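S.K.: I need the structure of the sequence given here:
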Amino acid sequence: MGVALSDDEAWEVLAAAHTGILTTMRADGFPVTLPVWFAVRDREILVAGPAATHKFTRVRKDDKVAFLVESGEQWTDLRAVQISGRAVVDPAPDWADVDALFDAKYAGFRTPRAEMPESARVRYDSRRALLRITPVRAPVSWDNRRLDGGR
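M.R.: Residues are numbered from 1 along each chain as shown. This is a model prediction of the structure:
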């Protein structure tokens, strides 16, 4: 048995992951990689955030992105899924639907607004934007736990 996950398994791993690593491209061709919270719906990755953040600007200029989730601390436990895709800034997201997805996943992890520094509250209470990432090829994946028959 190989270490690659099936497409269905890869999407299950993606959906269950807590934090994703998003890579976008700067105008000079160099990548910018950052951690993001996200939701998965219908084999599409959704990333929301303050509209003024640069990830939205970069995607408007170059829609090629990579998205990675990983887990495991020991080499034998490493598991990851990487998506190569195209991203678009949704011009009119259904925020009630998007918020429900994010609330279901992250409600217990958010810092209450009252506990945030003022600058963070202002930033996160500003106008929001939503990235929709659609894969352009099958996920690249591996699960080293499969090397010894799944332990």
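
S.K.: which stretches of this structure form strands?
M.R.: Under the criterion DSSP state E, the chain contains strands at 20-25, 31-36, 39-41, 44-50, 64-71, 79-89, 128-135, 140-143.

S.K.: any low-confidence regions in this structure?
M.R.: Within the chain, the stretches with pLDDT under 70 are 1, 121-122, 124-126, 148-151.

S.K.: one more time with 90, if that's ok
M.R.: Confidence mapping of the chain against pLDDT under 90 gives the ranges 1-2, 52, 108-127, 145-151.

S.K.: got JSON lines for the strands of the chain, with mean neighbour count too?
M.R.: For every residue, glycine as well, the C-beta is placed using N, CA and C. Converted to JSON lines, those look like this (neighbours: other Cβ atoms under 10 Å):
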{"stretch": "strand 20-25", "mean neighbour count": "20"}
{"stretch": "strand 31-36", "mean neighbour count": "12"}
{"stretch": "strand 39-41", "mean neighbour count": "18"}
{"stretch": "strand 44-50", "mean neighbour count": "19"}
{"stretch": "strand 64-71", "mean neighbour count": "18"}
{"stretch": "strand 79-89", "mean neighbour count": "19"}
{"stretch": "strand 128-135", "mean neighbour count": "19"}
{"stretch": "strand 140-143", "mean neighbour count": "19"}
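
S.K.: out of these, nearest to Asp97?
M.R.: For those, the distance to Asp97 is smallest for strand 39-41, at 8.5 Å, taking Cβ to Cβ.

S.K.: Outside of the closest one itself, list whatever touches it.
M.R.: 11, 14-15, 45-46, 98, 101-102, 105 (Cβ atoms under 8 Å, 6 or more residues apart in numbering).
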